[in-house]
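1. Provided below are the primary sequence and the corresponding predicted coordinates.
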Amino acid sequence: MDINQYLEDLRRPLRLELELGGRHLQFDSTWGLFSPREIDAGTRLLLDHIEVAASDDCLDLGCGYGAIGLALAALAPHGSTLLVDKDFVAVDYAQRNAQHNGLTHAQAQLSNGFEHIDPARRFDIIASNIPAKVGKELLTLLLHDAHARLRPGGRLYVVTINGLRQFMRRYLQDIFGNYTKCKQGAHYTVALAQRATTDD
């Protein structure tokens, strides 16, 4: 084996061609990002059970190379979609993938959770594939911040490993006052919480 050729091959972006959000989309990815060679089962399950209107403003929280966010952007061509991640490589690939797919109403930016998102910005949909090892403290911050950044009636969709589903049910009930289990698969659960239409 020619090690130099092998290393050169490893450095090339990985190309994925997928049907997401009713559109054929192309994604470049790279080693070191989450699930670089294919869309993971949790993301697939989430996208199969999310409902998005054409004019929704969407947020992909922890976007990776952009699979969830760009599917949302494809489903909401008359809204805007923001993709954020704390990994600058992920943000770079997500922005590149938005441009490659002509999704000019989608933008990616670096942010640790909601910390670097414009404080005035609000969303109709927030979606996230939450890592299994995110930790209770960070998850608490993310869920409270998601509630604060949703418009009245806005919806938070999360997919987690099944081992976190009871935790998510308790926290979403506590923070949002409601919880819906959209789908439980063999390994992942998709949950939905909705911000009240009024803040009485």
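-> Here it is on my side, so go on. Numbers count the residues shown, from 1 in each chain.
2. CA atoms for contacts and neighbours, from now on please.
-> Will do.
3. for this protein, which strand is longest?
-> Ranked by residue count and defined by DSSP state E, the top strand of the chain is strand 150-161.
4. Tell me where the model's unsure across the protein.
-> 1, 199-200 (pLDDT under 70).
5. Please enumerate the strands of it.
-> Taking DSSP E, the strands of the chain run over residues 14-20, 23-29, 58-61, 81-85, 106-110, 123-129, 150-161, 180-184, 188-194.
6. Report the strands that pair with the fifth one, each with its relative direction.
-> Under the criterion DSSP bridges, strand 106-110 sits next to strand 81-85 (parallel) in its sheet.
7. hmm, who's touching the strand it pairs with?
-> 57-64, 66, 69-70, 72-73, 91, 94, 105-113 (C-alpha atoms under 8 Å, 6 or more residues apart in numbering).
8. One more: stretch 93-106?
-> Counting by C-alpha under 8 Å, 6+ apart, 25-29, 63-66, 69-70, 73-74, 77, 79-83, 107-109 sit against stretch 93-106.
9. Weed out the non-buried ones from those residues.
-> Buried residues within those, defined by neighbour count using 16 or more other C-alpha atoms under 10 Å: 25-29, 63-66, 69-70, 73-74, 77, 79-83, 107-109.
10. From residue 95, how far off is residue 15?
-> Plainly put, residue 15 is 15 Å away from residue 95 if you go by C-alpha to C-alpha, to the nearest Å.
11. And these two? Which one has more around it.
-> Set side by side, residue 15 and residue 95 show more neighbours around residue 95, with 22 against 14, by other C-alpha atoms under 10 Å.
12. quick one: contacts for the closest residue to residue 17 other than its chain neighbours?
-> Distances taken as C-alpha to C-alpha, 6 or more residues apart in numbering place residue 26 nearest to residue 17, at 4.6 Å, with adjacent residues excluded. Residues near residue 26 by C-alpha under 8 Å, 6+ apart: 15-18, 97, 100-101.
13. Residue 117 and residue 111 touch, don't they?
-> Yes: counting by C-alpha atoms under 8 Å, residue 117 touches residue 111, with 6.7 Å between them.
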